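Chemist: Sequence plus predicted model, see below.
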Amino acid sequence: MNAHDTVSDEIRLLEWVNILLAHRFLIALLSIGAGLAAYGLCKSVRPLYTAEAKMIPNREAETRSLERMLDSNLVPTQYFDRFSATYVSSYYMEILRSDQLLRPLAERTWSNGQTLAAMYEIKERPYATLTDQTLLTLRRQVARIRQDSATGMLSVQCTTSDPVISAEIANAMVEGLKKALKQNREVGTSGLLKALEERTSAAQIALEHAEKALQDFRLQNRVLLSADLKLREEQLARGVKVEEEPFIKLKTLLAIMRASEEQVSALINVIQPAEVPLRKSWPPTLAATIGCAFFGFLLAVAIAFVRHGIGRLAQQNAPGYEEFERYIRSLNYVLPGVVLLLPRRSRARARVAASSSTLPGEENKL
């Protein structure tokens, strides 16, 4: 780059700065006006508050049932833990979205003495009941469920105009999930426990019969005088041991299974219960104000350069400028204010032409 190019760039930069300085009032007006308009609009809109509850599945509780449903050979060992977390979290998400969990919340009266239908002014329609419409509102506007694919953590976000109600709904969804999981768990394990208890009882009865037979034999034959009696006693003793081994195994297995179920009864770990939000989540007043002010600034800068370009065309009396000027004036009826893009001399000339074309009789009438 030579010295001539450097001087040319400096002159061009100074020209741009002069254009912006010449339109400084327009730039300030649009920037401040757009920012104030956004601020006033955000203040006039009813604020919304979002409460969030975070939880993670108890992998120790669910992996056992998952291993029963899936063959671990199908999934590599190093990916099984992550796969199980994703699978269980997706299963929990479906429960959180189910009608079984959300319907009681749609019909519930909250701490403010209102139902969700009353809060959102939902009215019953012929083709849908009030509860169905409330469920639709709850899914679309209030509750949002997210899953972290890396950790399997679930977050339940509830948004309403009342911060207390937002926290209540989020915590109620977590409690509903706990209740549903507990019921499903009891249904799934009750059959196994019942079958194991029946087998243990049958083994215990068989053992008691074998022990009673041995005891009765010994009472009737206190002195074993023959080899046949000794052989019979040995047979009965071996029968007791045969019945005792399965009974001990079944009883131990039953005790371990009950202890395991009690140990992992909490199928989810609540990392963070929903708390009453102190700040609104919508609308973002500060971000909207700054963003609109910046947009107004950019719009004003664009208008400044467009006006400067049109002004240069007017000074040079470029071909077709008069047609362009007439087009802008006609467009002003549709978009008021577009005529301000024209230079002041063009607007003044148009006013003079309009006043001179006024007839004397019409002036008297005016």
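Modeler: In hand now; what should we look at?

Chemist: burial measure for Cys300, as a count.
Modeler: One correction, residue 300 is Ala, not Cys. Neighbours of Ala300 under the rule other Cβ atoms under 10 Å: 21. Using the backbone N, CA and C atoms, a C-beta is placed for each residue, glycine as well.

Chemist: wait, I meant His23
Modeler: Counted with other Cβ under 10 Å, the neighbours of His23 add up to 19.

Chemist: That one and Leu30, how far apart?
Modeler: With distances defined as Cβ to Cβ, to the nearest Å, the gap from His23 to Leu30 amounts to 10 Å.

Chemist: Kindly report the same for Arg185.
Modeler: Counting by Cβ to Cβ, the gap between Arg185 and Leu30 amounts to 62 Å.

Chemist: follow-up on the earlier one: hey, what's in contact with both of His23 and Leu30?
Modeler: Common contacts of His23 and Leu30, defined by Cβ atoms under 8 Å, 6 or more residues apart in numbering, comprise 300, 303.

Chemist: Just give me how far the lengthiest strand in the chain sits from the chain centre.
Modeler: Once the chain is assigned using DSSP state E, the strand that runs over the most residues is strand 49-57. With Cα atoms, centre = their mean, to the nearest Å as the basis, the distance from the averaged C-alpha position of strand 49-57 to the chain average is 9 Å.

Chemist: Stretch 310-322 now?
Modeler: 56 Å.

Chemist: Convert the C-alpha atoms of it to CSV, please.
Modeler: As requested, the backbone C-alpha atoms of stretch 310-322 are provided in CSV (Å, rounded to 0.1, in the frame of the first residue of the first chain):
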residue,chain,number,x,y,z
ILE,A,310,-29.3,11.0,-2.2
GLY,A,311,-27.9,14.4,-1.4
ARG,A,312,-24.9,13.9,-3.6
LEU,A,313,-27.1,12.8,-6.4
ALA,A,314,-29.2,16.0,-6.0
GLN,A,315,-26.1,18.2,-6.0
GLN,A,316,-24.8,16.5,-9.2
ASN,A,317,-28.2,16.7,-10.7
ALA,A,318,-27.9,13.1,-11.8
PRO,A,319,-30.0,11.8,-14.6
GLY,A,320,-33.3,10.3,-13.3
TYR,A,321,-33.1,12.1,-10.0
GLU,A,322,-36.3,14.0,-10.5
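
Chemist: And the average pLDDT for that stretch is what?
Modeler: Model confidence over stretch 310-322, given as mean pLDDT, is 83.

Chemist: now do stretch 18-30
Modeler: On average, stretch 18-30 scores 92.

Chemist: Just checking: what are the partner strands of the longest strand of the chain?
Modeler: The strands beside strand 49-57 in its sheet (DSSP bridges) come out as strand 154-160 (antiparallel), strand 268-272 (antiparallel).

Chemist: Give the buried residues for the last one.
Modeler: Within strand 268-272, the residues that count as buried by 16 or more other Cβ atoms under 10 Å are 268, 270.

Chemist: List of residues touching it?
Modeler: When contacts are taken as Cβ under 8 Å, 6+ apart, the neighbours of strand 268-272 outside the stretch itself are 52-58, 92, 153, 174, 177-178, 181.

Chemist: try 10 Å this time
Modeler: If you take Cβ atoms under 10 Å, 6 or more residues apart in numbering as the criterion, strand 268-272 is touched by 52-59, 61-62, 88-89, 92, 153-155, 171, 174-175, 177-178, 181.

Chemist: Just the buried ones out of these, please.
Modeler: Restricting these to buried positions leaves 52-59, 61-62, 88-89, 92, 153-155, 171, 174, 177, 181, with burial counted as 16+ other Cβ under 10 Å.

Chemist: on that earlier part again, CA atoms only for the longest strand of the chain - export them in CSV, please.
Modeler: Output for strand 49-57, consisting of C-alpha atoms alone and laid out as CSV, is shown next (Å, rounded to 0.1, in the frame of the first residue of the first chain):
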residue,chain,number,x,y,z
TYR,A,49,-41.4,-16.5,36.3
THR,A,50,-39.7,-19.8,35.8
ALA,A,51,-38.9,-22.3,38.6
GLU,A,52,-36.6,-25.3,37.9
ALA,A,53,-36.2,-28.6,39.7
LYS,A,54,-33.2,-30.8,38.8
MET,A,55,-33.0,-34.6,39.4
ILE,A,56,-31.0,-37.6,38.3
PRO,A,57,-32.1,-41.3,38.1
